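1. Sequence below, structure please.
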Amino acid sequence: MINPPAHLGLRPSPFQYEQLKGEWASMLVSLAGALFVERAVHVHQLPLGYYRFGMFGELVKFGKVVSLRDAVRLDAANALATRLATVGVPVAHVDAGYRTLDRDHVLFLYDWVSGHFSSGHRVEMHQLGKALAVMHKGLRPLKPHGKLLGWERLDWLSCAKMLPSEFTTVLESFLQRRGAVEDLFSSALQPIHNDLHLGNVLFVEGRVAAFLDFEEAVHSVGNPLIDLSWVLERFCLLPYDLQKAQHLAASFLSAYITAAPRPPCTRGGLADCMRWRALNALGLLASQPSHDSAGWRSEWDKFSLILAALPNWRTVLDNLENRYLSEGAGETADIAC
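-> Coordinates of the predicted model:
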């Protein structure tokens, strides 16, 4: 499995693994019933982190060691993914439950998924639209267990006085439209993935090999338009020039709404989804004490970049809303690479 690093930056890169030796290696090999274990190179303190296990019969397993206090949340996310797999959603299969490493840590084992991150081909976006439609169909009957829309972080951000003047104006204008935004987000309410960045989707031969990381989905509910805005932002508009971004986005939306009901949208609804997510993330960062850390700054700069880019995307988003979300799918987009 290619797994993303911690959510720093916008372009994920495959983990680099190195052989693990010593006491932790012996414990993990024994616990997993493996021949050897390699650890992904990252900043987590042992034994936390991601692992690659060599199993008998030349099989490979992906492992994730988390703190015991996080095991319930991850177990719930894995259970949700397993349930979605029964209706055809591509996910990474996980062994049932977790294995206790010591009194503070547990190990989850997953099947290894061979795949790569998005390469910017239209056929991938077409297949992602179809696969996301299947996911939303699988999520729709489930009882929501959380609440996506919240304004506490945005209110905190307003009080914190940390934004430059141009973003302060954006925030104040957005807060004044709270009622209209709430109406949009609460229409067609259902569970959603709510974390569809580039590192959480693997592709193989143009199709979606696996959706990853369902921890947000366990407690996220809202208009499916929010998930669509994730894809348009992260897979299309941020990585590419506007012409290519529009072609990729058209292929994605055409495939999605051919296979799923069109999610309710108002004029500017896609931009509102993106704006709310960026402001919400900045509000969370503003409430944290680690303002001087490199990781904090990287995250702050990332979401500031998204806010700054939104005005440049207006024409593309208007075109997409007019053609796909208001008038319908129209003709199926050409999906040649």
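2. Just the strands from the stretch 151-300 of the chain, written as ranges.
-> 190-191, 201-204, 207-211, 221-222 (DSSP state E, counting those that start in this stretch).
3. List the contacts of the nearest residue to Ala160 once chain neighbours are set aside.
-> Excluding its sequence neighbours, the residue lying closest to Ala160 (C-beta to C-beta, 6 or more residues apart in numbering) is Ala286, at 4.4 Å. No exception for glycine: its C-beta is placed from N, CA and C like everyone else's. Going by C-beta atoms under 8 Å, 6 or more residues apart in numbering, Ala286 touches 153, 156-157, 160, 162.
4. which one among these gets closest to Pro90?
-> Comparing these against Pro90 with C-beta to C-beta places Arg153 closest, at 32.0 Å.
5. one step back: present the strands of the stretch 151-300 of the chain as JSON lines; the columns should include mean pLDDT and mean neighbour count.
-> Below are the strands of the stretch 151-300 of the chain laid out as JSON lines (pLDDT from 0 to 100; neighbours: other C-beta atoms under 10 Å):
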{"stretch": "strand 190-191", "mean pLDDT": "93", "mean neighbour count": "22"}
{"stretch": "strand 201-204", "mean pLDDT": "97", "mean neighbour count": "21"}
{"stretch": "strand 207-211", "mean pLDDT": "98", "mean neighbour count": "22"}
{"stretch": "strand 221-222", "mean pLDDT": "92", "mean neighbour count": "24"}
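6. Now distance to Arg103 too, for these, in CSV please.
-> Shown next, in CSV, are the strands of the stretch 151-300 of the chain (distance: least, C-beta to C-beta, whole Å):
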stretch, distance to Arg103
strand 190-191, 33
strand 201-204, 34
strand 207-211, 32
strand 221-222, 35
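7. Those strands: which one's closest to Asp111?
-> strand 207-211 (9.3 Å).
8. For stretch 38-46, which residues meet the burial criterion?
-> Neighbour counts over stretch 38-46 (16 or more other C-beta atoms under 10 Å) mark 38-40 as buried.
9. Between the residues you listed, which sits nearest Val218?
-> Ala40 (23.8 Å).
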